[in-house]
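# model the following, please.
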Amino acid sequence: MMLPCVKETEKMDDFDTMFSDLLGEMDNLTQSLMAATDTLEVDPGSQRNGTFSIGFTDLNESLNELEDQDLDALVADLESTSEGHDPADQQTGSLAAASATARKPEAAATLPPPSNSVESSEGLQGEPQTKADRIQQALKKLKEAQVRKLIVKLLMSDGSSKTLMVDERQTVREVLDQLFEKTHCDCSIDWSLCETNSELQIERGFEDHEHLVELLSAWTRLSENKIYFLSRPEKYLMFTEPQLFYMWKKKAACLSGINEEAKELLIKEHFGGSTVIVPDLEGKLYLKEDGKKLWKPLYFVLRASGLYYVPKGKTKAISNLVCFVRFEKVNIYTTKNYRHKYKAPTNFCFMLKHPCIQRESLYVRFLCCDDKHTLLLWVNSIRIAKYGTVLFENYQAAMKRASGLKPLHFAADRYNSLQPNPAPPKSTNVEDYPHEPPPDFVPPPPPSLQNTQV
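Model prediction:
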């Protein structure tokens, strides 16, 4: 009767060893890539054969999709760079939309903005006037550029698309701001840039602080991945509904009664310090076995240092927790239709993998949840553990852009600043939160109104 338990324990030990080897191989891979970048010189010939566009069959097609003003901005930027200006002495301009990039990652440099000075206008007088001529000129300049740029095709939910030029210094937040201007949509905090991988049937919303060109550089040359401009209400749910993550053990009826002041106190307590307090999430998840369409249930525990599991036959004591994965070198992706593809218990699955892995591999981890709400909790809680305070800064910047006001300030901060001796922080017990019950009665109209009605 004890043999199955012994075999299961041995399997889990092998499983832990495999992940330790995986982390070691990722370290070696990262170090080798960094060494190669430092030692190898960039060959101009290899730059000319590099990838300059995403979502198009060739560069000429992508340039032709650019709007006239964007094509002019691209040519002007590249022309000013080729004239020998020192990028370090220039201010970063407002780059409308466009791109180009060398295959090898290079150190980020700062391009001068398109100048409106007399000298710039005189230098552009002799440039080609037709769009075909300007495209040919842009092709030549793109291949000589020292700063990576990409011409990116972004798909919309209605089936249309937008073409933007993105350089390596631009963050996802800055690209979103460009799209707000081009699409004239609202500046809601829910808007996201999402990548999809049709081979793995996965998607991930890019974080606002990430650099888009760097993210796309991880794609293979002939990748069929796509980028979408979508509204994702779950993007900042940990700040709009923090009680779902930090009071997840409470009943739903209690959570729904929390008002805005209580939510601000929760955010302040968990995100207001120098470090973020990660939700103490734990529960059963299904793990896919390597190379098989078999899923086994394990008890997982989320900590700031990574994701852990409890070996079968062990208690949830800290000493028994085994590290499943750390988040420094992996991203989290949601999946589509894995119940059919991998015979998962449900379709509510997520994946943990290195961003450079673009197809199925032994180094990809599949996990499955019981329902949509559980999936939402795990995906966003792992994002909190991975990005920490940066995630909150992204939210503040998105709120500032959406409202046109200064970043979010807590009501508690405004109150305490007026007090000589600030009161101790309030409890986060749900029973202590102020509620907003409906009134016991409807007050009668004023006498003056009653007289006029009579």
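# now the nearest residue to Lys182 once chain neighbours are set aside: which helix or strand?
Once flanking residues are discounted, Lys182 sits nearest to Lys162: 5.9 Å by CB to CB, 6 or more residues apart in numbering. The C-beta positions use only the backbone N, C-alpha and C, and glycine is treated the same way. Element membership of Lys162, judged by DSSP states H and E, is strand 161-167.
# for the stretch 201-350 of the chain, what spans make up the strands?
Counting by DSSP state E, counting those that start in this stretch, the segments of the stretch 201-350 of the chain that form strands are 202-205, 226-231, 282-288, 295-303, 306-310, 322-325, 331-335, 349-353.
# need those in JSON lines (columns: distance to Ser157 and mean pLDDT).
As requested, those are exported to JSON lines (distance: least, CB to CB, whole Å; pLDDT from 0 to 100):
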{"stretch": "strand 202-205", "distance to Ser157": "13", "mean pLDDT": "97"}
{"stretch": "strand 226-231", "distance to Ser157": "6", "mean pLDDT": "95"}
{"stretch": "strand 282-288", "distance to Ser157": "30", "mean pLDDT": "96"}
{"stretch": "strand 295-303", "distance to Ser157": "32", "mean pLDDT": "96"}
{"stretch": "strand 306-310", "distance to Ser157": "32", "mean pLDDT": "96"}
{"stretch": "strand 322-325", "distance to Ser157": "32", "mean pLDDT": "95"}
{"stretch": "strand 331-335", "distance to Ser157": "17", "mean pLDDT": "97"}
{"stretch": "strand 349-353", "distance to Ser157": "22", "mean pLDDT": "97"}
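# Arg401 is nearest to which of the ones you listed?
The closest of those to Arg401 is strand 226-231. By CB to CB, the value is 14.5 Å.
# low-confidence regions, the stretch 101-250 of the chain specifically.
For the stretch 101-250 of the chain, residues meeting the criterion pLDDT under 70 lie at 101-129, 131, 134-135, 137-147.
# run through the helices of it in chain order.
Secondary structure of the stretch 101-250 of the chain (DSSP state H, counting those that start in this stretch): helices located at 118-123, 131-144, 172-183, 212-216, 237-240, 243-246.
# can you give me the distance of His340 to Pro279?
Distance of His340 to Pro279, given as CB to CB, to the nearest Å: 31 Å.
# ditto for Leu362
For Leu362, the distance to Pro279 - CB to CB - is 30 Å.
# show me which of those two is the more surrounded one.
Shown here are Leu362 and Pro279; by other CB atoms under 10 Å, Pro279 has more neighbours (22 against 10).
# so that one versus Ser381, what's the distance?
Per CB to CB, Pro279 is found 5 Å from Ser381.
# now swap in Arg221 and tell me
With distances taken as CB to CB, Arg221 is found 35 Å from Ser381.
# out of these two, which sits in the more crowded spot?
The residue with more neighbours, out of Arg221 and Ser381, is Ser381; 22 against 7, by other CB under 10 Å.
# neighbours around the closest residue to Val172 other than its chain neighbours, how many?
Excluding its sequence neighbours, the residue lying closest to Val172 (CB to CB, 6+ apart) is Phe206, at 4.7 Å. Close neighbours of Phe206, defined as other CB under 10 Å, add up to 21.
# quick one: residues contacting Phe206.
Neighbouring residues of Phe206 by CB atoms under 8 Å, 6 or more residues apart in numbering: Val172, Ser192, Leu193, Cys194, Glu195, Leu212, Leu215.
# those residues into JSON lines, with extra columns for neighbour count and distance to Leu376?
Formatted as JSON lines, the contacts of Phe206 follow (neighbours: other CB atoms under 10 Å; distance: CB to CB, whole Å):
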{"residue": "Val172", "neighbour count": "20", "distance to Leu376": "21"}
{"residue": "Ser192", "neighbour count": "21", "distance to Leu376": "15"}
{"residue": "Leu193", "neighbour count": "24", "distance to Leu376": "20"}
{"residue": "Cys194", "neighbour count": "18", "distance to Leu376": "16"}
{"residue": "Glu195", "neighbour count": "22", "distance to Leu376": "19"}
{"residue": "Leu212", "neighbour count": "26", "distance to Leu376": "25"}
{"residue": "Leu215", "neighbour count": "18", "distance to Leu376": "23"}
